[in-house]
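In: Below are the sequence and a predicted model; questions follow.
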Amino acid sequence: MTVLAAGLALLGSLFFALGAALQQFEAASTSRAGLGYLVRRPRWLLGGLSIAGGTALHIVALKYGPLTLVQPMGVASLLFALPCAAALRRRRPRPGELASAAVIAIGLIGLVLVVPEHSGNPHLSTGEAVVLLAGAATAALALWTLARRASPAARACLLATGAGVLYGATATLTRVLVDGDWEPWFLFAVPMPAVIALALLQRAYAVGHFGVAFAALQVADPLTAVAFGALLLGEPLPTGAASTLTALAAAALTAAGTVALARTTPMSPSPDVTAR
């Protein structure tokens with residue numbers, strides 16, 4: 001069953017990476033990066049279906065294998081995404097891109113593995129849910145504001161990070177809906193940060209630095225979910241000197257890899273980058 005879980009998780013990562021590459025290709029190829037326009041583009045919709053398929057495979061993988069195996073496999077989507085995006089642009093990925101992505105992946109795996117599993121039923125009160133949504137919205141707004149004056153690579157990183165924060169909030173709410181105690185209005189609250197995150201992510205993709213944007217999303221989403229889980233759901237954080245040092249080293253690798261990726265990944269052609 002462990003081998004099956006690993007295979008499903010890897011296949012899910014490939015589907016997720018291909019979907020992200022397809023959506024970025026569409027977002028960066030037009031000056032109209034709004035969701036209202038993109039949802040009418042067949043290739044962008046195909047990317048969405050691929051992402052949904054990858055998510056479904058990831059969920060199925062969790063039924064056959066432990067989280068400590070499946071989650072690191074999910075990080076492989078970053079290594080798959082760069083070749084997929086390069087193929088769509090009819091070029092080969094640069095060795096520096098793949099090396100930087102590998103460093104980020106190693107860092108993310110380290111961060112995933114040091115976070116302890118939580119077996120209790122999560123509970124979120126109305127006040128805590130409001131804090132969750134308001135905190136995520138404030139952080140995303142601040143990142144969007146900073147991105148307006150940033151360089152293209154930094155803009156892609158900041159916008160994708162904002163999307164990752166909102167997706168992390170969505171994941172936290174979803175975890176409560178699936179496994180814990182919740183209020184009926186949570187059902188209506190879950191789509192809001194997810195839709196805003198999707199729109200923000202397309203803006204990040206439209207800038208052109210796909211590798212940077214996708215890496216920032218891969219980092220911000222799980223870290224935000226872990227932070228909200230610890231602050232609001234009482235989920236454990238790494239303890240002990242060894243775990244703390246591992247987490248710090250993994251975070252440093254992830255940050256260094258992201259910076260290196262920003263310097264090595266070429267900017268995708270776009271008709272009007274500065275206008276976004």
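Out: Received it, and whenever you're ready, just let me know what you need.
In: Pull out the buried residues from the host helix or strand of Ala206.
Out: In this structure, Ala206 is located in helix 191-207 according to DSSP states H and E. For helix 191-207, the neighbour count (16 or more other Cβ atoms under 10 Å) marks 193-194, 196-207 as buried. For glycine as for every other residue, the C-beta is placed from the backbone atoms N, C-alpha and C.
In: where are the low-confidence patches of the stretch 51-200 of the chain?
Out: Within the stretch 51-200 of the chain, the set of residues satisfying pLDDT under 70 comprises 66-69, 71, 118-120.
In: on that earlier part again, follow the chain on from the helix holding Ala206 and name the next helix or strand.
Out: Counting by DSSP H and E, what follows helix 191-207 is helix 210-232.
In: can you pull the buried residues of the helix or strand that comes right after that next one?
Out: Sequence-wise, the next helix or strand downstream of helix 210-232 (DSSP H and E) is helix 241-264. Neighbour-count burial for helix 241-264, counted by 16+ other Cβ under 10 Å, picks out Thr246, Ala247, Ala250, Ala251, Leu253, Thr254, Gly257, Thr258, Ala260, Leu261, Ala262, Thr264.
In: can the residues you listed go into JSON lines with extra columns for distance to Val115?
Out: What follows is the buried residues of helix 241-264, written out as JSON lines (distance: Cβ to Cβ, whole Å):
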{"residue": "Thr246", "distance to Val115": "11"}
{"residue": "Ala247", "distance to Val115": "8"}
{"residue": "Ala250", "distance to Val115": "10"}
{"residue": "Ala251", "distance to Val115": "12"}
{"residue": "Leu253", "distance to Val115": "16"}
{"residue": "Thr254", "distance to Val115": "14"}
{"residue": "Gly257", "distance to Val115": "19"}
{"residue": "Thr258", "distance to Val115": "20"}
{"residue": "Ala260", "distance to Val115": "25"}
{"residue": "Leu261", "distance to Val115": "23"}
{"residue": "Ala262", "distance to Val115": "26"}
{"residue": "Thr264", "distance to Val115": "29"}
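In: Return the member of those nearest to Arg148.
Out: Within these, proximity to Arg148 (Cβ to Cβ) peaks at Ala262, which comes in at 18.0 Å.
In: Which residue, other than its chain neighbours, is closest to that closest one?
Out: Ala153 (4.2 Å; Cβ to Cβ, 6 or more residues apart in numbering).
In: From Thr161, how far off is Ile51?
Out: Here the distance between Ile51 and Thr161 works out to 19 Å (Cβ to Cβ, to the nearest Å).
In: more crowded one of these two?
Out: Higher neighbour count among Ile51 and Thr161: Thr161, with 28 against 21, using other Cβ atoms under 10 Å.
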